[in-house]
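heads up, no residue letters with this:
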């Protein structure tokens with residue numbers, strides 16, 4: 001495999017998952033601080049209070065990125081660190097400014113995600129994403145970060161996986177803030193769409209003209225019975241693809257949810273605002289999802305790849321079930337199937353021609369341990385990455401305009417409701433000490449980047 005010389009090879013992280021320093025330098029609580037400190041919400045009672053201590057060890061981590069040969073690093077900004085209670089925090093924004101400068105010194109393009117699920121708790125207390133005002137507060141936050149970093153950032157991403165924010169956070173309750181209110185989830189989805197559009201416009205007023213603008217979606221690649229696929233596709237994919245890419249909300253989504261809401265939270269002009277111009281669309285992919293109509297009597301299968309909650313995250317799809325797919329599986333129980341990535345990229349190329357694509361997350365959790373030789377031999381992750389990067393190349397060969405690939409994740413980290421039980425990193429983290437150990441997959445990825453394509457062998 002070979003890739004264009006300007007193909008963007010990177011790795012990705014998220015603020016709450018790696019930074020720690022939860023109460024330092026003026027940072028105030030986010031919904032994930034509250035959620036993780038609530039008994040029973042996170043496996044083993046884990047929290048992100050320390051995480052991988054990236055806030056103090058960022059220089060070490062940037063040096064590792066440089067040694068890996070990364071062309072870009074995708075990280076998120078903690079809203080409650082830089083704008084606690086709506087006031088700009090010089091210590092908080094200073095941390096990200098130093099990080100951006102260090103990346104540039106090593107020739108690594110900073111790719112900034114403004115929101116990776118960690119809403120300031122005071123905004124949730126005021127109603128959270130189901131409340132329209134949160135979208136306006138997000139635009140103000142985007143403008144403040146843009147003013148501080150906008151002369152140096154390569155790519156701005158407004159939101160990461162808004163589907164998870166809306167539906168895991170407000171429908172099934174397995175993510176922060178842990179609410180189970182289907183109508184609130186739909187309102188949250190709309191206000192996230194609105195926030196994306198408002199923030200995109202706010203950024204364009206303050207950042208360098210050369211900066212690129214994007215959003216990242218975790219699109220579900222669906223297989224199975226056509227009617228079940230249609231229903232889930234509406235609330236899992238087209239609820240964001242439609243408004244953000246200029247098509248508005250799909251009529252079948254409105255029909256499927258009519259018994260729940262009249263969608264009166266959508267105001268005139270909102271869909272036009274959400275359709276802010278994009279320089280690229282970020283795509284996160286881990287596995288395909290199989291669906292079929294539920295007969296209403298047999299035990300309903302719910303193997304949808306998300307932790308079971310009190311309710312389904314797929315609002316309006318209560319008559320759909322998610323059967324278990326054949327293996328092999330990752331440690332998350334997710335099936336390994338790289339063909340779905342090719343198919344998803346080609347679907348986007350077909351349905352939304354002219355929108356450049358970037359794979360902004362792709363990776364796998366396995367039960368990694370440091371061996372007696374001091375190394376982490378994660379051959380299964382090497383195979384996963386190799387096959388999925390080949391799937392990207394296959395999509396490009398078939399015409400898809402894919403500009404980059406970001407491995408998830410640079411480091412083992414706090415894996416949301418699973419705490420520290422799942423390891424996705426290229427670099428192993430010993431949580432009690434913070435010690436970093438390169439896995440074999442990190443060496444393989446370094447060699448791939450150096451070669452401009454997959455190296456011949458594996459470690």
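Arrived safely, thanks for sending. Everything numeric here is computed off the predicted structure, so don't read it as measured data.

going forward, measure contacts and count neighbours with C-alpha atoms only.
Fine.

for the stretch 101-250 of the chain, what spans make up the strands?
Here the stretch 101-250 of the chain has its strands, by DSSP state E, counting those that start in this stretch, at 109-115, 155-160, 212-217, 221-224.

cool, and the stretch 251-400 of the chain?
280-284, 288-293, 320-321, 357-361.

how about CSV for those strands, with mean neighbour count and distance to residue 185 added?
Formatted as CSV, the strands of the stretch 251-400 of the chain follow (neighbours: other Cα atoms under 10 Å; distance: least, Cα to Cα, whole Å):
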stretch, mean neighbour count, distance to residue 185
strand 280-284, 24, 21
strand 288-293, 21, 21
strand 320-321, 22, 18
strand 357-361, 24, 24
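
quick one: which of those strands is nearest residue 214?
strand 280-284 (5.2 Å; Cα to Cα).

just the residues contacting that closest one, thanks.
161, 212-219, 355-362 (Cα atoms under 8 Å, 6 or more residues apart in numbering).

can you put the strands of the stretch 101-250 of the chain in CSV and add mean pLDDT and distance to residue 293?
Putting the strands of the stretch 101-250 of the chain into CSV (pLDDT from 0 to 100; distance: least, Cα to Cα, whole Å) gives the following:
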stretch, mean pLDDT, distance to residue 293
strand 109-115, 98, 34
strand 155-160, 98, 30
strand 212-217, 98, 25
strand 221-224, 98, 9
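
those strands: which one's closest to residue 276?
Per Cα to Cα, nearest to residue 276 of those: strand 212-217, 9.4 Å.

in its sheet, what does the closest one sit against?
strand 155-160 (parallel), strand 280-284 (parallel) (DSSP bridges).

same list (those strands) but as a markdown table, adding distance to residue 418.
Formatted as a markdown table, the strands paired with strand 212-217 follow (distance: least, Cα to Cα, whole Å):
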| stretch | distance to residue 418 |
| --- | --- |
| strand 155-160 | 19 |
| strand 280-284 | 19 |
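
picking up where we left off before, out of the strands of the stretch 251-400 of the chain, flag the one nearest residue 259.
strand 320-321 (16.6 Å).

what packs against that closest one?
strand 288-293 (3 or more Cα pairs under 8 Å, 6 or more residues apart in numbering; DSSP states H and E).

avg pLDDT for the strand it packs on?
Across strand 288-293, pLDDT averages out at 98.

what is it packed up against?
strand 221-224, helix 226-233, strand 320-321.

so what touches that strand?
Outside strand 288-293, the residues touching it (Cα under 8 Å, 6+ apart) are 220-225, 227-229, 304-305, 319-325, 335, 337, 340.

buried ones from those residues, can you make that a PyMOL selection?
In PyMOL syntax, the buried subset of the contacts of strand 288-293 is picked out as below (16 or more other Cα atoms under 10 Å):
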select buried, resi 220+221+222+228+229+304+305+320+321+322+323+324+325+335+337+340
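
list the contacts of residue 438.
375-376, 426-428.

following the helix or strand containing it, which helix or strand comes up?
Using DSSP states H and E, residue 438 maps to strand 435-438. Once the chain leaves strand 435-438, the next helix or strand it forms, by DSSP H and E, is helix 440-451.

against which helices or strands is that next one packed?
Against helix 440-451 (3+ Cα pairs under 8 Å, 6+ apart) you get helix 54-68, helix 379-397.

got CSV for these, with mean pLDDT, distance to residue 133 and mean neighbour count too?
Below are these laid out as CSV (pLDDT from 0 to 100; distance: least, Cα to Cα, whole Å; neighbours: other Cα atoms under 10 Å):
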stretch, mean pLDDT, distance to residue 133, mean neighbour count
helix 54-68, 98, 30, 17
helix 379-397, 98, 39, 19
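
take those and lay them out in CSV including distance to residue 144.
Converted to CSV, the helices and strands packed on helix 440-451 look like this (distance: least, Cα to Cα, whole Å):
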stretch, distance to residue 144
helix 54-68, 21
helix 379-397, 35
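
of those helices, which is nearest residue 150?
helix 54-68 (20.1 Å).

contact partners of the helix or strand that that closest one is followed by?
Downstream of helix 54-68, the first helix or strand assigned by DSSP H and E is strand 72-76. For strand 72-76, contacts defined as Cα under 8 Å, 6+ apart pick out 8-15, 65, 103, 108-116, 360, 406.

of those, just the buried ones, ChimeraX syntax please.
Command for ChimeraX that selects the buried part of the contacts of strand 72-76, burial taken from 16+ other Cα under 10 Å:
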select :8,9,10,11,12,13,14,15,65,103,108,109,110,111,112,113,114,115,116,360,406
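
circling back: so for residue 369, which of the helices and strands packed on helix 440-451 sits nearest?
helix 379-397 (12.1 Å).

contacts for the closest one?
So helix 379-397 is contacted by 1, 3, 336, 338-339, 341-343, 345-346, 362-366, 402, 405, 440-441, 444, 454, 458-459 (Cα under 8 Å, 6+ apart).

now, of those residues, which are buried?
Buried among the contacts of helix 379-397 by 16+ other Cα under 10 Å: 3, 336, 338-339, 341-343, 345-346, 362-366, 402, 405, 440-441, 444, 454.

sorry, back to before: closest to residue 371 out of the strands paired with strand 212-217?
That would be strand 280-284 among the strands paired with strand 212-217, by Cα to Cα, at 30.6 Å.

can you pull out the helices in the stretch 1-150 of the chain?
15-18, 31-36, 54-68, 79-82, 90-105, 121-125, 133-149 (DSSP state H, counting those that start in this stretch).

check the stretch 151-300 of the chain too.
Using DSSP H, counting those that start in this stretch, helices in the stretch 151-300 of the chain cover 162-163, 169-170, 182-204, 226-233, 239-244, 251-256, 270-274.

and for the second one, what are the contacting residues?
The contact list for helix 169-170, computed with Cα under 8 Å, 6+ apart, reads 175-182, 184-185, 188.

6 Å - rerun?
175-181, 185 (Cα atoms under 6 Å, 6 or more residues apart in numbering).

equivalent analysis for the fifth one, please.
Counting contacts by Cα under 6 Å, 6+ apart, the residues outside helix 239-244 that touch it are 248-249, 271, 274-275.

make it 10 Å
161-163, 186, 189-190, 192-194, 196-197, 215, 217, 219, 233-234, 238, 247-250, 253-254, 270-278, 281, 348, 351-352 (Cα atoms under 10 Å, 6 or more residues apart in numbering).

quick one: neighbours of residue 296, just the number.
11 (other Cα atoms under 10 Å).

tell me the contacts of it?
318-321.

go on, residue 439?
If you count contacts by Cα under 10 Å, 6+ apart, then residue 439 has 368-370, 374-379, 381-382, 425-428, 459 around it.
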